[in-house]
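# Take this sequence and fold it.
(one chain, ligands or ions: 2)
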Amino acid sequence: MYYILKGEPTPIQFLKGVGPARAKAFHKIEIFSDVDLLFYFPRSYINRTSILTIKQIYAKLLKDNFFIQDFDNSNVKEEVTLLCKVIDKKLKSSRGNKKFLVVTIKDFSGDTANFVYWQYPEYYDKIFERGRYYIAYGSPELDYHNELTFHHPEVEKFDSFEEIELQKGTTLPIYPMSSSLKTAKINNKVLRKIIKDCLPQTLLKVEDFLPDKIILEYGFLNIQDALRNIHFPTNVEEVEKIKNKFKFEEAFLYEFLLIHHRNNFQEQWVAPIFDKNNGFLKKFHSTLPFELTNDQKKVITQIFTDLKSGKPMNRLLQGDVGSGKTIVAVFSMLLAKINGYQSAIMAPTEILAEQHYLNITNLLYDYPISIELITGGQPARERKLISEKIRTGAVDIIVGTHALFEGGIEFNKLGLVIIDEQHRFGVAQRSKLREIARKSLPEKYVPHFLVMSATPIPRTLAMTLYGDLDVSTIKELPKGRKPIVTKIVFEENLEEMYNFIRQQLRAGNQAYFVYPLIEKSEKLEVKSAIEHWEILQKNIFPEFSCGLLHGRMKSIEKESVMKDFKAGKYNILVSTTVIEVGIDVPNANIIVIENSERFGLSQLHQLRGRVGRGSSKSYCFLVVNNKYNFNKTNSLFADTNERSVLARLKAMEQTTDGFVIAEIDLKLRGPGDILGVQQSGLPPFKFINLATDGELISKAREIANTIKKTDPNFRFYPKIKVILEKFSKEKKYFGIG
Ligand code: ADP
Ligand code: MG
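Ligands and ions are numbered 1, 2, ... in the order given. As a prediction, the model looks like this:
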């Protein structure tokens, strides 16, 4: 945590009200001492004004429902607090013979609602007693009978003591409850007491690391007041301000470490200098079948500047699907070649690697440049031959999948490494490739690194996640691209859609049909590619030909299907999400996504990017079950999940700008879900919310930069030095170092 210790922490076990058994429960959530406990913050607060009646909750839900199109409203799952009396409870069995508990409650005005528990129903059965009062917090929903329901609300018995506290106008903290705490019989009431008891002593043990100057300038509270108020605020409004202090500190330290890390890296390593640039690139440029967009030219210049500098390039190239990143990669690889270096481009799937290989080979057909492909599906003998050529330096450009670093390949002066669709790779995979490349270079040298991504990352995320990368962005799409018309299609309207598609196919266009599953599943009510490929071919489009593509096919089969589709042998390609990344067939102008509710926004956007690449107007149809047609089914019945599905699909209808979509996705799902925390190396922030704290992060970054520049030895800011030393002792922080 972000403080300087000035007193000895007390092990949690010895705090009043804890003891050995409860201490274990605290250890499970990484709380080992009283000081740790002070940094276990409430997730919300209750006071007299925040408790709602059932009538008020109904009113709120109805109002929110009217805002269903408002995908900017991130409070899809807002929590409410309710005081209630249990009037009945029943353990029931579902059709699948799964037990669940239904608790019927009443509030003071006599209205009723239900609590439903699917997990540990027996455990909860014991918690509830008929006739007793409880305080509950959770997200309300309306069930199919239009009754107010809470799924798994958190509850506590409510006693007269707390009632008196609330009457007096006290604000009570609600802490996040882990299952380990619950099993050790630590509920909110208990936790409040433990914290209240140790607070005065423990506050004396911590000290701010931020310089007083900054604390004053930003009007932050000092650490003692901040901690006291976050647990027991006198008014809830001030809590946000206090949280900002901790967020700021977190961002500041994170940014500081990033800058530090980056400086170190650049001091330790050099990279090859690509300063030769003969007439060759000019000639290549002039023979391209299209004019580069201004953004493409701009990013090529940025990349070339890096490549000439002798400092290792570490750059993210982001650009929406179809913005033309590949050609930028090709220019960079050619520059490497001219300067006598190999380059490699890695793609996440074999299909994509093969496509890059074909594209690049075609583009460079007239030039004496050797390009090879490395994938896992290759016969061993072929691989061996190619590896040998790579080792001796007879190959200039190597295209591949992760087989590039798994096959024991020895490169020869690999000076530039490019990773396409980089979010598909883990941090570890990237650094492995870097390591292998390093071995092919002289000592102290590392290759230049270019990572490319078509998943536009919201500005804050990019800044945080790739704080040690320079970012180049292509916003402009190539000329002549027509916008993609996107429509939600409810299943009852499929026939109409089929008719439209028939017309389009007759006019010579092609279509994709995408399904979430490969094969029919017994368990899930989700459509599958194999099953529907048959139905589409036999019953719906008998006069057209349908190809089938999915991840379980051999790579030669996949390749030949793709080739045939590209060559126009199939009118329709039925597929799973294997076509999600990079596939490029300009003549395909329709994409139908079945069970579109099962895909995240960014994934839908990626899939949609398969069309809109040619000159005809393109269409994306998002097929969903009729139950999402709230205009017809009555939106009152929609649960939060259903509502957020519709919000996603509506967002798709309303914009094709990948950056806007990414922002919405970030709000709807949060950063962890978008990137996959493990995969992305997303920093494990405790306080920062990447979806909303962009401005604060920028500010912190600015200040960190200034301090690093003006006072590198911390003469004026000795406390920052202390906390950084504490960090380095505790190994990695935020995954840096
Ligand atoms: P992505 O950025 O999604 O990887 P690609 O590099 O695959 O995009 O490019 C998509 C398509 O656009 C390709 O067919 C490519 O040849 C074409 N393309 C790239 N740049 C231009 C341009 N400046 N003008 C016209 N077409 C272009
Ligand atoms: Mg691409």
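
# Please give me every residue in contact with Val102.
Contact analysis of Val102 by CB atoms under 8 Å, 6 or more residues apart in numbering lists Lys89, Lys90, Lys92, Asn114, Phe115, Val116. Any C-beta I mention is one placed from the backbone N, CA and C, and that applies to glycine too.

# Can you list the buried residues in the longest helix anywhere in the chain?
Longest helix in the chain by number of residues (criterion: DSSP state H): helix 237-268. Residues of helix 237-268 classed as buried by neighbour count (16 or more other CB atoms under 10 Å): 239, 242-260, 262.

# ok, the residue in the stretch 501-650 of the chain that ligand 1 sits nearest to - how many residues close by?
Of all residues in the stretch 501-650 of the chain, Asp584 sits closest to ligand 1, at 4.9 Å by CB to the nearest ligand atom. A count of nearby residues for Asp584, using other CB atoms under 10 Å, gives 19.

# That one touches Val611, doesn't it?
No - using CB atoms under 8 Å, Asp584 is not in contact with Val611, being 10.5 Å away.

# Ligand 1 contacts on the stretch 251-400 of the chain?
Taking CB under 6 Å from any ligand atom as the contact definition, the stretch 251-400 of the chain meets ligand 1 at 290-293, 296, 319, 321-327.

# Same question for the stretch 401-550 of the chain.
So far as CB under 6 Å from any ligand atom goes, the stretch 401-550 of the chain lies against ligand 1 at Ala454, Pro478.

# Start from the N-terminal end of the stretch 601-737 of the chain and give the helices.
Assigned by DSSP state H, counting those that start in this stretch, the helices in the stretch 601-737 of the chain fall at 601-608, 630-633, 640-654, 658-669, 671-675, 677-680, 694-710, 718-729.

# following the longest helix of the chain, which helix or strand shows up next?
helix 280-286 (DSSP states H and E).

# Show me how far the next helix or strand after that next one is from its chain's centre.
Next along the chain after helix 280-286, taking DSSP H and E as the criterion, comes helix 294-309. Relative to the centre of its chain, helix 294-309 is centred 28 Å away, using CA atoms, centre = their mean, to the nearest Å.

# Return helix 294-309 as CSV; C-alpha atoms alone will do.
Only the C-alpha atoms of helix 294-309 are listed here, as CSV (Å, rounded to 0.1, in the frame of the first residue of the first chain):
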residue,chain,number,x,y,z
ASN,A,294,-2.4,10.5,-44.6
ASP,A,295,-2.5,8.5,-41.3
GLN,A,296,-0.6,5.7,-42.8
LYS,A,297,2.1,8.1,-44.0
LYS,A,298,2.2,9.7,-40.6
VAL,A,299,2.7,6.5,-38.7
ILE,A,300,5.3,5.2,-41.2
THR,A,301,7.3,8.4,-40.5
GLN,A,302,6.9,7.9,-36.8
ILE,A,303,8.2,4.4,-37.0
PHE,A,304,11.0,5.2,-39.3
THR,A,305,12.2,7.9,-36.9
ASP,A,306,12.4,5.3,-34.2
LEU,A,307,14.1,2.8,-36.4
LYS,A,308,16.8,5.3,-37.3
SER,A,309,17.4,6.4,-33.8
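
# Not counting it itself, show me its contacts.
For helix 294-309, contacts defined as CB under 8 Å, 6+ apart pick out 273-275, 277, 292, 313, 315, 317, 319, 323-324, 327-328, 331-332, 335-336, 416, 448, 450, 470, 472-476.

# quick one: buried residues of it?
Here helix 294-309 shows Asp295, Gln296, Lys298, Val299, Ile300, Gln302, Ile303, Phe304, Asp306, Leu307, Lys308 as buried, counting by 16+ other CB under 10 Å.

# what bits of the stretch 301-450 of the chain have low per-residue confidence?
For the stretch 301-450 of the chain, residues meeting the criterion pLDDT under 70 lie at 423-424, 426-427.

# Do you have the helices of it handy? List them.
Using DSSP H, counting those that start in this stretch, the helices of the stretch 301-450 of the chain run over residues 325-338, 350-363, 380-392, 403-406, 427-439.

# now, of those, which is deepest in the fold?
Highest mean neighbour count among the helices of the stretch 301-450 of the chain (mean count of other CB atoms under 10 Å): helix 325-338, with a mean of 23.

# gap between that one and the chain center?
So, by CA atoms, centre = their mean, the centroid of helix 325-338 is 29 Å from its chain's centroid.

# Just say helix, strand or coil for the closest residue to ligand 1 within the stretch 451-600 of the chain.
Ranked by CB to the nearest ligand atom, the top residue of the stretch 451-600 of the chain for proximity to ligand 1 is Pro478, at 3.2 Å. Assigned with DSSP: H, G, I helix; E, B strand; the rest coil, Pro478 falls in the coil class.

# can you start the count at 751 instead of 1 from here on
In the new numbering, first residue 751, that becomes Pro1228.

# Let me see the contact set for it.
Contacts for Pro1228 (CB under 8 Å, 6+ apart) come out as Phe1040, Thr1043, Gly1072, Ser1073, Gly1074.

# one more time with 10 Å
Phe1040, Glu1041, Leu1042, Thr1043, Asp1045, Gln1046, Gly1072, Ser1073, Gly1074, Ile1077, Arg1363 (CB atoms under 10 Å, 6 or more residues apart in numbering).

# Thanks again, I'm all set now.
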